[in-house]
Structure formats: C-alpha cells, structure tokens
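>>> turn this into a structure:
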Amino acid sequence: MRVLSVGLVLLASALTAQACSYCQCLFPNGGHCCVYSVGGLNLDCTSVCRDAKRADGVSNPDGTAGTACAAGGKYKCASAFTALDRTPCYQL
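Take a look at the predicted model:
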C-alpha cells in the first residue's frame, strides 16, 4: 500500500510540474508573443519568458532588438506543431 501511495504522489507531482519543450511566451493580454525551444529539452518557461523578446526585427531605443513580451514570465506550453507557425523568440 505504501508503494502505491508513493507512486501516486510522484505521478501527481510530475503532472503539476508542467515542464515544456516549447515555451509559448505571452503578452500581458494573453496573446501570443513568441515561442522558444532548445532541441526538445524541458525548459523552465517562467524564467525563459520573463525577459523574452519577439524576433520581429524591431529596434528599441535602448539598443535591444525585438518587441518585449513584457508579461513577467507568463506562458503556455506549446506543441511542436503549434510552434511551427508562431514567431520565435530571440535566443536568450
């Protein structure tokens, strides 16, 4: 019985951890900003998206490039299929 309990706890924690291979960083309004991935690795999307910038060719007054997502790390996990037609994030 104890083994079953430990197994259920591990399963529950794995399902709530939500590691993503594709981080879809969002704008503050919840719209899609950009997608970031690194060869199928599971990523900490909150950290990745915290300072993410969209690879859209915009030049900013401070010398940085790309429209800032500016949502404080807000994201959704995306599938490889969904990521195909989304704007990528600049390499972080």
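
>>> in what helix or strand does the residue nearest the centre of the chain lie?
The centroid of the chain falls nearest to Cys23 when counting by Cα atoms, centre = their mean (2.2 Å). For Cys23, the host element (DSSP states H and E) is strand 22-26.

>>> same deal with Phe81?
Since the elements are taken from DSSP H and E, Phe81 ends up inside helix 80-83.

>>> report the contact partners of Gly72.
Arg50 (Cβ atoms under 8 Å, 6 or more residues apart in numbering). In short, each C-beta sits where N, CA and C put it, glycine included.

>>> the helices in this protein, which residues?
Remark: helices assigned in the chain by DSSP state H are 2-17, 45-50, 80-83.

>>> so where is the protein shaky, pLDDT-wise?
Low-confidence segments of the chain (pLDDT under 70): 1-18, 92.

>>> mind checking how far stretch 32-39 is from the chain centre?
Offset of stretch 32-39 from its chain centre (Cα atoms, centre = their mean, to the nearest Å): 6 Å.

>>> flag every buried residue along it.
Within stretch 32-39, the residues scored as buried using 16 or more other Cβ atoms under 10 Å are 32-37.

>>> swap in stretch 52-65?
52-55.

>>> residues contacting the closest residue to Val58 other than its chain neighbours?
Residue nearest to Val58 in three dimensions, not counting chain neighbours: Thr67, with 5.0 Å by Cβ to Cβ, 6 or more residues apart in numbering. Applying Cβ under 8 Å, 6+ apart to Thr67 gives the contacts 33, 53-54, 56, 58.

>>> tabulate those (JSON lines), appending distance to Asp85.
Converted to JSON lines, the contacts of Thr67 look like this (distance: Cβ to Cβ, whole Å):
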{"residue": "Cys33", "distance to Asp85": "14"}
{"residue": "Lys53", "distance to Asp85": "19"}
{"residue": "Arg54", "distance to Asp85": "14"}
{"residue": "Asp56", "distance to Asp85": "14"}
{"residue": "Val58", "distance to Asp85": "20"}
